[in-house]
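Novice: sequence plus predicted model, see below.
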Amino acid sequence: MSEARFVPFTDRYQPALPPEEAAAALFEILRRRRSVRMFDDRPVSRQTIEWLVRCAHTAPSGANKQPWRFVCVQDPAVKARIRAGAEAEEREFYARRANEQWLADLAPLGTDEHKEFLTTAPWLVVVFQLTHLDDGSQVYYLKESVGLACGLFLAAAQHAGLATLTHTPSPMAFLNEVLGRPKHERPFLLIPVGYASADCEVPAMAIGRRPLDEVMVVI
Ligand code: IYR
(Lines give C-alpha, C1' and ligand atoms only; values in the text may rest on other atoms or scores of the structure.)
Protein backbone atom coordinates (compact mmCIF):
# COMPACT_ATOMS: atom_id res chain seq x y z
CA MET A 1 0.00 0.00 0.00
CA SER A 2 1.41 3.39 -0.98
CA GLU A 3 2.11 5.93 1.73
CA ALA A 4 2.88 8.68 -0.78
CA ARG A 5 1.66 12.14 0.11
CA PHE A 6 2.10 15.19 -2.06
CA VAL A 7 2.28 18.93 -1.42
CA PRO A 8 2.33 21.78 -3.95
CA PHE A 9 5.78 22.55 -5.39
CA THR A 10 6.06 26.21 -4.45
CA ASP A 11 9.72 26.84 -3.53
CA ARG A 12 10.89 27.04 -7.13
CA TYR A 13 14.17 28.58 -8.15
CA GLN A 14 13.60 31.14 -10.85
CA PRO A 15 16.74 32.73 -12.28
CA ALA A 16 16.63 36.37 -13.32
CA LEU A 17 18.03 35.31 -16.70
CA PRO A 18 16.36 33.22 -19.36
CA PRO A 19 17.53 29.59 -19.27
CA GLU A 20 20.00 29.87 -22.18
CA GLU A 21 21.77 32.79 -20.53
CA ALA A 22 21.69 31.28 -17.05
CA ALA A 23 23.18 28.01 -18.32
CA ALA A 24 25.82 29.84 -20.36
CA ALA A 25 26.82 31.91 -17.33
CA LEU A 26 27.41 28.78 -15.25
CA PHE A 27 29.36 27.24 -18.12
CA GLU A 28 31.71 30.26 -18.06
CA ILE A 29 32.51 29.41 -14.45
CA LEU A 30 32.76 25.64 -14.78
CA ARG A 31 34.84 25.58 -17.96
CA ARG A 32 37.70 27.33 -16.17
CA ARG A 33 38.09 24.65 -13.51
CA ARG A 34 41.48 22.94 -13.56
CA SER A 35 42.63 20.12 -11.38
CA VAL A 36 45.28 21.74 -9.24
CA ARG A 37 48.25 20.07 -7.56
CA MET A 38 50.00 23.18 -6.24
CA PHE A 39 48.13 24.76 -3.36
CA ASP A 40 48.74 27.87 -1.31
CA ASP A 41 48.73 27.53 2.47
CA ARG A 42 46.17 30.38 2.65
CA PRO A 43 43.41 29.18 4.96
CA VAL A 44 39.83 28.44 3.99
CA SER A 45 37.26 28.83 6.75
CA ARG A 46 35.40 25.93 8.23
CA GLN A 47 32.18 27.78 7.33
CA THR A 48 33.18 27.74 3.67
CA ILE A 49 33.76 23.99 3.76
CA GLU A 50 30.43 23.55 5.52
CA TRP A 51 28.68 25.42 2.68
CA LEU A 52 30.41 23.25 0.10
CA VAL A 53 29.27 20.12 1.92
CA ARG A 54 25.74 21.54 2.14
CA CYS A 55 25.84 22.08 -1.63
CA ALA A 56 27.03 18.51 -2.22
CA HIS A 57 24.42 17.25 0.21
CA THR A 58 21.64 18.66 -1.99
CA ALA A 59 22.42 15.88 -4.47
CA PRO A 60 19.64 13.48 -5.35
CA SER A 61 20.22 9.93 -4.16
CA GLY A 62 18.51 6.57 -4.48
CA ALA A 63 15.34 6.74 -2.36
CA ASN A 64 16.87 9.86 -0.77
CA LYS A 65 19.12 7.71 1.42
CA GLN A 66 22.04 10.20 1.19
CA PRO A 67 24.63 7.41 1.40
CA TRP A 68 27.66 9.64 1.88
CA ARG A 69 29.95 11.02 4.54
CA PHE A 70 32.27 13.98 4.01
CA VAL A 71 35.24 13.74 6.35
CA CYS A 72 36.87 17.18 6.30
CA VAL A 73 40.44 17.20 7.51
CA GLN A 74 42.36 20.31 8.51
CA ASP A 75 44.53 18.83 11.29
CA PRO A 76 48.12 18.94 9.94
CA ALA A 77 49.07 15.71 11.73
CA VAL A 78 46.17 13.83 10.14
CA LYS A 79 46.95 15.33 6.73
CA ALA A 80 50.54 14.12 7.14
CA ARG A 81 49.30 10.58 7.86
CA ILE A 82 47.05 10.69 4.81
CA ARG A 83 49.97 11.85 2.70
CA ALA A 84 52.19 9.05 4.00
CA GLY A 85 49.50 6.45 3.28
CA ALA A 86 48.76 7.82 -0.19
CA GLU A 87 52.42 8.07 -1.15
CA ALA A 88 52.99 4.46 -0.09
CA GLU A 89 50.17 3.31 -2.41
CA GLU A 90 51.30 5.59 -5.22
CA ARG A 91 54.88 4.29 -5.04
CA GLU A 92 53.46 0.84 -5.75
CA PHE A 93 51.23 2.22 -8.46
CA TYR A 94 54.00 3.95 -10.41
CA ALA A 95 56.53 1.14 -9.85
CA ARG A 96 54.32 -1.90 -10.41
CA ARG A 97 50.55 -1.59 -10.61
CA ALA A 98 50.10 0.72 -13.58
CA ASN A 99 50.56 -0.81 -17.01
CA GLU A 100 52.61 0.84 -19.77
CA GLN A 101 49.57 2.39 -21.42
CA TRP A 102 48.38 3.93 -18.17
CA LEU A 103 51.79 5.43 -17.46
CA ALA A 104 51.91 6.78 -21.02
CA ASP A 105 48.49 8.38 -20.58
CA LEU A 106 49.63 10.01 -17.33
CA ALA A 107 52.95 11.29 -18.70
CA PRO A 108 51.52 14.63 -19.93
CA LEU A 109 50.21 15.29 -16.40
CA GLY A 110 53.67 14.94 -14.87
CA THR A 111 52.29 13.09 -11.85
CA ASP A 112 54.41 10.82 -9.69
CA GLU A 113 54.32 9.29 -6.22
CA HIS A 114 55.02 12.60 -4.46
CA LYS A 115 51.83 14.15 -3.14
CA GLU A 116 52.87 17.37 -1.47
CA PHE A 117 49.41 18.84 -2.02
CA LEU A 118 48.09 16.48 0.64
CA THR A 119 49.90 18.51 3.30
CA THR A 120 49.77 22.00 1.73
CA ALA A 121 46.07 22.20 0.86
CA PRO A 122 44.25 23.64 3.89
CA TRP A 123 41.52 21.00 3.69
CA LEU A 124 41.33 17.41 2.55
CA VAL A 125 37.75 16.36 2.05
CA VAL A 126 37.51 12.58 2.00
CA VAL A 127 34.22 11.42 0.58
CA PHE A 128 33.03 8.02 1.76
CA GLN A 129 30.24 5.95 0.26
CA LEU A 130 28.07 4.16 2.80
CA THR A 131 27.34 0.56 1.86
CA HIS A 132 24.45 0.79 4.32
CA LEU A 133 23.31 3.54 6.64
CA ASP A 134 24.49 3.68 10.24
CA ASP A 135 21.25 2.03 11.36
CA GLY A 136 21.87 -0.85 8.94
CA SER A 137 19.23 0.17 6.40
CA GLN A 138 19.70 -0.43 2.67
CA VAL A 139 20.96 2.13 0.18
CA TYR A 140 20.39 2.26 -3.59
CA TYR A 141 22.36 3.42 -6.61
CA LEU A 142 25.32 4.00 -4.35
CA LYS A 143 27.97 5.05 -6.87
CA GLU A 144 25.56 7.16 -8.85
CA SER A 145 24.42 8.97 -5.70
CA VAL A 146 27.88 9.64 -4.30
CA GLY A 147 29.20 10.60 -7.74
CA LEU A 148 26.45 13.19 -8.08
CA ALA A 149 27.27 14.62 -4.66
CA CYS A 150 30.96 14.86 -5.55
CA GLY A 151 30.16 16.64 -8.81
CA LEU A 152 28.12 19.21 -6.97
CA PHE A 153 30.93 19.64 -4.44
CA LEU A 154 33.44 20.39 -7.21
CA ALA A 155 31.06 22.82 -8.91
CA ALA A 156 30.34 24.60 -5.63
CA ALA A 157 34.07 24.96 -4.88
CA GLN A 158 34.71 26.33 -8.36
CA HIS A 159 31.84 28.78 -7.95
CA ALA A 160 33.42 29.93 -4.66
CA GLY A 161 36.79 30.53 -6.34
CA LEU A 162 38.46 27.54 -4.71
CA ALA A 163 40.68 25.00 -6.36
CA THR A 164 40.14 21.26 -6.05
CA LEU A 165 41.74 18.04 -7.15
CA THR A 166 39.98 14.72 -7.59
CA HIS A 167 42.54 12.42 -6.08
CA THR A 168 42.13 8.65 -5.99
CA PRO A 169 45.14 6.98 -4.41
CA SER A 170 44.43 3.34 -5.01
CA PRO A 171 43.64 1.28 -3.04
CA MET A 172 42.20 3.74 -0.53
CA ALA A 173 41.52 1.42 2.40
CA PHE A 174 44.25 3.15 4.44
CA LEU A 175 41.85 6.10 4.77
CA ASN A 176 39.51 4.06 6.98
CA GLU A 177 42.33 3.39 9.36
CA VAL A 178 43.82 6.89 9.37
CA LEU A 179 40.41 8.53 9.79
CA GLY A 180 38.93 5.91 12.11
CA ARG A 181 35.96 5.22 9.87
CA PRO A 182 33.86 2.06 10.22
CA LYS A 183 33.74 -0.72 7.65
CA HIS A 184 30.45 0.30 6.06
CA GLU A 185 32.11 3.53 4.92
CA ARG A 186 34.22 3.04 1.79
CA PRO A 187 36.55 5.76 0.53
CA PHE A 188 35.24 7.11 -2.77
CA LEU A 189 37.19 10.27 -3.55
CA LEU A 190 39.80 12.44 -1.84
CA ILE A 191 39.34 16.13 -2.64
CA PRO A 192 42.05 18.59 -1.59
CA VAL A 193 40.48 22.06 -1.36
CA GLY A 194 42.17 25.44 -1.18
CA TYR A 195 43.62 28.21 -3.29
CA ALA A 196 45.92 27.52 -6.18
CA SER A 197 49.38 28.81 -5.25
CA ALA A 198 50.63 32.01 -6.89
CA ASP A 199 53.19 29.98 -8.86
CA CYS A 200 50.74 27.19 -9.61
CA GLU A 201 51.27 25.50 -12.94
CA VAL A 202 48.87 23.14 -14.63
CA PRO A 203 49.64 20.65 -17.38
CA ALA A 204 49.96 22.32 -20.75
CA MET A 205 48.05 19.37 -22.10
CA ALA A 206 44.87 20.89 -23.41
CA ILE A 207 41.86 20.11 -21.31
CA GLY A 208 39.63 21.31 -24.11
CA ARG A 209 36.58 19.18 -24.48
CA ARG A 210 35.68 17.04 -27.44
CA PRO A 211 33.17 18.81 -29.69
CA LEU A 212 29.61 18.81 -28.47
CA ASP A 213 28.38 16.75 -31.40
CA GLU A 214 30.70 13.92 -30.29
CA VAL A 215 29.29 13.77 -26.80
CA MET A 216 25.73 14.86 -27.40
CA VAL A 217 23.18 13.12 -29.55
CA VAL A 218 19.90 14.84 -30.26
CA ILE A 219 17.12 12.69 -31.59
N1 IYR B 1 46.38 8.04 -8.62
C2 IYR B 1 47.65 8.33 -9.27
C3 IYR B 1 47.60 8.17 -10.75
C4 IYR B 1 46.65 8.98 -11.52
C5 IYR B 1 45.66 8.35 -12.24
C6 IYR B 1 44.81 9.05 -13.05
I7 IYR B 1 43.48 8.03 -14.18
C8 IYR B 1 44.91 10.46 -13.14
O9 IYR B 1 44.05 11.18 -13.95
C10 IYR B 1 45.90 11.10 -12.43
C11 IYR B 1 46.76 10.36 -11.60
C12 IYR B 1 48.14 9.72 -8.85
O13 IYR B 1 47.38 10.48 -8.25
O14 IYR B 1 49.27 10.07 -9.13
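Specialist: Yep, that arrived.

Novice: contacts only, for Ala16.
Specialist: Taking Cβ atoms under 8 Å, 6 or more residues apart in numbering, we find Ala16 in contact with no residue. The way it works is simple: take the backbone N, C-alpha and C, and place the C-beta from them, glycine included.

Novice: tell me the SS of Ala156?
Specialist: Following DSSP: H, G, I helix; E, B strand; the rest coil, Ala156 is assigned to helix.

Novice: who touches the closest residue to it other than its chain neighbours in this structure?
Specialist: Using Cβ to Cβ, 6 or more residues apart in numbering and skipping residues adjacent in sequence, the residue nearest Ala156 is Cys55, 3.6 Å away. Listed by Cβ under 8 Å, 6+ apart, the contact set of Cys55 reads Leu152, Phe153, Ala155, Ala156.

Novice: assumed Cys55 was part of a strand.
Specialist: No. Counting by three-state DSSP, Cys55 falls outside a strand, being helix.

Novice: I'd like the average pLDDT over the lengthiest strand in the chain.
Specialist: Longest strand of the chain, by residue count under DSSP state E: strand 185-194. Strand 185-194 shows a mean pLDDT of 98.

Novice: give me the distance from that strand to the chain's centre.
Specialist: How far strand 185-194 lies from its chain's middle: 6 Å, per Cα atoms, centre = their mean, to the nearest Å.

Novice: go on, stretch 98-105?
Specialist: 23 Å.

Novice: cool, and stretch 47-59?
Specialist: With Cα atoms, centre = their mean, you get 12 Å for stretch 47-59.

Novice: what about the strands in the chain?
Specialist: Using DSSP E, strands in the chain cover 68-73, 123-130, 163-164, 185-194.

Novice: what's the most buried one of the ones you listed?
Specialist: Counting by mean count of other Cβ atoms under 10 Å, strand 163-164 has the highest mean neighbour count of the strands of the chain, with a mean of 25.

Novice: for the residue nearest to Ala156, give its distance to Ser35.
Specialist: Noted for Cys55: a distance of 19 Å to Ser35, by Cβ to Cβ, to the nearest Å.

Novice: flag every residue of the protein that's near the ligand.
Specialist: Residues of the chain lying close to the ligand by Cβ under 6 Å from any ligand atom are Glu90, Phe93, Leu106, Leu109, Thr111, His167, Thr168, Pro169, Ser170.

Novice: now those in JSON lines, with neighbour count?
Specialist: Formatted as JSON lines, the residues of the chain next to the ligand follow (neighbours: other Cβ atoms under 10 Å):
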{"residue": "Glu90", "neighbour count": "20"}
{"residue": "Phe93", "neighbour count": "20"}
{"residue": "Leu106", "neighbour count": "14"}
{"residue": "Leu109", "neighbour count": "12"}
{"residue": "Thr111", "neighbour count": "16"}
{"residue": "His167", "neighbour count": "22"}
{"residue": "Thr168", "neighbour count": "13"}
{"residue": "Pro169", "neighbour count": "22"}
{"residue": "Ser170", "neighbour count": "13"}
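
Novice: can I get these in TSV with pLDDT?
Specialist: Formatted as TSV, those follow (pLDDT from 0 to 100):
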residue	pLDDT
Glu90	96
Phe93	95
Leu106	93
Leu109	91
Thr111	94
His167	96
Thr168	91
Pro169	89
Ser170	86
